[in-house]
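Colleague: just to be clear, the model below is a prediction. Sequence and coordinates:
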Amino acid sequence: MQNMDLTGKLLIAMPGMPDPRFELSVIYICAHSDEGAMGLIVNKPSDELKFSDLQDQLDLPQGDCPDFAVHFGGPVEFGRGFVLHSTDYSSAPSQTMTVDDNFGLTSTMAILSDVARGRGPDQIILALGYSGWGPGQLEDEISANGWLTCDSDPGLVFGGDNDVKWTAALKTMGVDPMLLSAEAGRA
């Protein structure tokens, strides 16, 4: 598994994931290198926290943007916000990281203000916190049958029905979730 670059890929939690925070998770990997990996859970919206709540708390403009749920991006730096978005938006060059042709990542107040004013990206997931792994940790978890990986698809990542993203991600690989095992095999 050395020299694997998962940037721009999806991680799909295997059944039996021991950490309940990641159970049935689909994670978009924003960055992956020898130094570790960083991603955002894209299928766990908050039942309680909406963008309008952040508009009030952060004194953002009150525009005509539709309200939407804020996602749980992962357990690391839970008080920090990240916006995974389509590449039709870019703030100052050093503030938006282009992940690939379909996805950008911005974590500034400017994007939140632009979203509130209706000038943000066409597609977004606003997440608090992120999922992170140290050097080699993600590769070890994949080897231990903790995750499957697949190509990302903007329709799946930004799609509105979070309850089916896990199953939909598996189906892009031709995998039937009912046939998955939580046990790793050895050949």
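Modeller: Cool, the structure landed.

Colleague: thought Val175 was touching Thr167?
Modeller: No. Assessed by C-beta atoms under 8 Å, Val175 is found out of contact with Thr167, at 9.5 Å. (Glycine included, C-beta is placed from N, CA and C.)

Colleague: mind checking the SS state of the closest residue to Asp114 other than its chain neighbours?
Modeller: Using C-beta to C-beta, 6 or more residues apart in numbering and skipping the chain neighbours, the partner closest in space to Asp114 is Gly120 (4.5 Å). Following DSSP: H, G, I helix; E, B strand; the rest coil, the label given to Gly120 is coil.

Colleague: give me the neighbour count for Gly120.
Modeller: For Gly120, the neighbour count with other C-beta atoms under 10 Å is 24.

Colleague: ranges for the strands of the chain?
Modeller: For the chain, the strands defined by DSSP state E cover 9-13, 26-33, 36-41, 45-50, 69-72, 76-85, 96-98, 104-106, 124-133, 147-151.

Colleague: buried stuff in the second one?
Modeller: Okay, so that is strand 26-33. 26-32 (16 or more other C-beta atoms under 10 Å).

Colleague: distance check, the one residue sitting closest to the centre of the chain against Met178.
Modeller: The residue lying closest to the centre of the chain (C-alpha atoms, centre = their mean) is Leu40, at 2.7 Å. Using C-beta to C-beta, to the nearest Å, Leu40 is found at 27 Å from Met178.
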